[in-house]
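Participant: coordinates for the following, if possible.
(2 chains)
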2 protein chains.
Amino acid sequence: MGYNIITISREYGSGGRNIGQLVAEKLGYDFYDNALVDKIAKESGFAEEIIKDAGEYATSGNSFLFSLSMSNLSEINMPSISYQIYAVQKKIITELAEKGRCVIVGRCADYILRERKDTLNVFISASMEFRKNRISDIYHEGGNKPEKMLRDKDKKRKTYYRYYTDNEWGMCHNYNLCLDSSLFGIEKCADIIADIAR
Amino acid sequence: MGYNIITISREYGSGGRNIGQLVAEKLGYDFYDNALVDKIAKESGFAEEIIKDAGEYATSGNSFLFSLSMSNLSEINMPSISYQIYAVQKKIITELAEKGRCVIVGRCADYILRERKDTLNVFISASMEFRKNRISDIYHEGGNKPEKMLRDKDKKRKTYYRYYTDNEWGMCHNYNLCLDSSLFGIEKCADIIADIAR
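Facilitator: The predicted model follows:
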């Protein structure tokens, strides 16, 4: 059986986005990540940067957007901003999946498309060492506390996922295939996924 | 790179044990599961059945063995019974891994062998539907409440794993490769693992 849609969830710094790109190239599938954020921005009217933050950080205590989204707007029967953003994301992801074969990274796509039978849900994890080196070497991020930064990122993704799906981010049971990119390497992970998807 | 040791952790009813057997056959590796329990029984002097229970159910509230293991024996400086069993298991698993190429199912082998660089740690999950059918059709277990039985089993494995490893059972981050046997099927899971291990 072939899979028309491949969703990729990933720990920050694991190379999950790159793996997704490679898989899309190998299979000749469309690839959606930042392009998806752009599309959301255009449809919803929100500035791109705000949406990007809201997508990753639904419950950051310091976030203005989160405070706003949690405030009581029910008097005027208006859904919270973060939920509006999620609803737009959900709509777009559903449409993209209907449009044709593709790889979608992040944004709870695995959960949003759970009713489809032609979806392969992948999770990419990696050792803390691998992720620390990667964010430092490639993205020049993390400063002198890369581990703290990574733990914060994981926590935010976990919170976001739990908030919208009621499931636990990073639990094997929620995915069909999970790979450790620090053991196999980026290229080999892409090969494994592409072989299985064919 | 080849992997000399393959550890398999699994949700009850996912077919993880069968997958482990198939992988061992395909690769010509030794296979350890019940045979391991036997060996533990002989070395420790405990009856096989008691060890089997203790291995899976470290913190069952109704378990005599658990109550005993949690009672304060420190006056005579004697490790609790469940910890003694774990220590024997650990010793045996370490020795088996040194003896030669093998597949080991369950018993926190992934954690016990975490210092070895030639180990591939696999987790097998499956949908509730698949597991329910499997325990009912093959093992005639679960009666009219198969889902409750499976949730109890998961909870006990989770508790056991947490107790001895301080890690979370079933989290992608703890394994190198996780597969959903209800999507791929038993045979295909074994093929994927064997291909990667080669």
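
Participant: excluding covalently adjacent residues, which one is nearest to whatever residue of chain A ends up closest to chain B?
Facilitator: Nearest residue of chain A to chain B, counting by Cβ to the nearest Cβ: A:C178, 3.5 Å away. For every residue, glycine as well, the C-beta is placed using N, CA and C. Using Cβ to Cβ, 6 or more residues apart in numbering or on different chains and skipping residues adjacent in sequence, the residue nearest A:C178 is B:C178, 3.5 Å away.

Participant: the one you found against A:L177, yeah?
Facilitator: Yes - at 6.9 Å, B:C178 counts as touching A:L177 under the criterion of Cβ atoms under 8 Å.

Participant: now do the shared contacts for those two.
Facilitator: In terms of Cβ atoms under 8 Å, 6 or more residues apart in numbering or on different chains, B:C178 and A:L177 are both contacted by the residues A:F123.

Participant: write out the residues of chain A neighbouring chain B.
Facilitator: Applying Cβ under 8 Å from any Cβ of the partner chain, we find that chain A lies next to chain B at A:11, A:120, A:123, A:125, A:170-173, A:175-180, A:183-184, A:192, A:196.

Participant: how about the strands of chain A, start to end?
Facilitator: Per DSSP state E, chain A has strands spanning A:5-10, A:30-32, A:102-105, A:119-125, A:177-180. These are given in chain order.

Participant: those strands: which one's closest to A:L113?
Facilitator: strand A:119-125 (5.0 Å; Cβ to Cβ).

Participant: now for the closest one, which elements pack on it?
Facilitator: Identification of packing neighbours for strand A:119-125 by 3 or more Cβ pairs under 8 Å, 6 or more residues apart in numbering or on different chains; DSSP states H and E yields strand A:5-10, strand A:177-180, helix A:186-197.

Participant: save the ones you listed as TSV, and put in mean neighbour count too.
Facilitator: Below are the helices and strands packed on strand A:119-125 laid out as TSV (neighbours: other Cβ atoms under 10 Å in any protein chain shown):
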stretch	mean neighbour count
strand A:5-10	27
strand A:177-180	26
helix A:186-197	19
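
Participant: and the helices in chain A, which stretches?
Facilitator: For chain A, the helices defined by DSSP state H cover A:16-27, A:34-44, A:48-56, A:64-70, A:81-99, A:109-112, A:128-137, A:146-165, A:181-184, A:186-197.

Participant: would JSON lines of those with mean pLDDT be doable?
Facilitator: Converted to JSON lines, the helices of chain A look like this (pLDDT from 0 to 100):
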{"stretch": "helix A:16-27", "mean pLDDT": "97"}
{"stretch": "helix A:34-44", "mean pLDDT": "67"}
{"stretch": "helix A:48-56", "mean pLDDT": "56"}
{"stretch": "helix A:64-70", "mean pLDDT": "44"}
{"stretch": "helix A:81-99", "mean pLDDT": "83"}
{"stretch": "helix A:109-112", "mean pLDDT": "93"}
{"stretch": "helix A:128-137", "mean pLDDT": "92"}
{"stretch": "helix A:146-165", "mean pLDDT": "91"}
{"stretch": "helix A:181-184", "mean pLDDT": "97"}
{"stretch": "helix A:186-197", "mean pLDDT": "97"}
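
Participant: show me what stretch A:22-30 is in contact with.
Facilitator: Identification of contacts with stretch A:22-30 by Cβ under 8 Å, 6+ apart yields A:6, A:8, A:31, A:96, A:99-103, A:186-187, A:190-191, A:193-194, A:197-198.

Participant: likewise for stretch A:112-119?
Facilitator: Residues contacting stretch A:112-119 (Cβ under 8 Å, 6+ apart): A:1-7, A:89-90, A:93-94, A:97, A:104, A:110.

Participant: from these, which two are the most distant?
Facilitator: A:M1 and A:Q89 (27.5 Å).

Participant: quick one: which of the two has more around it?
Facilitator: It is A:Q89, of A:M1 and A:Q89, that has more neighbours when counted by other Cβ atoms under 10 Å in any protein chain shown, with 25 against 10.

Participant: so the more buried one makes contact with A:R107?
Facilitator: Yes - the pair A:Q89 and A:R107 passes the contact test of Cβ under 8 Å, sitting 5.4 Å apart.

Participant: ok, A:G100 to B:K145 distance?
Facilitator: Going from A:G100 to B:K145 by Cβ to Cβ, to the nearest Å gives 43 Å.

Participant: bridged to the spatially closest residue to A:A109 that is not a sequence neighbour, which residues?
Facilitator: Closest residue in space to A:A109, ignoring its immediate chain neighbours: A:T7 at 4.1 Å, by Cβ to Cβ, 6+ apart. For A:T7, the beta-bridge partners are A:I104, A:N121 (DSSP bridges).

Participant: cheers, nothing more for now.
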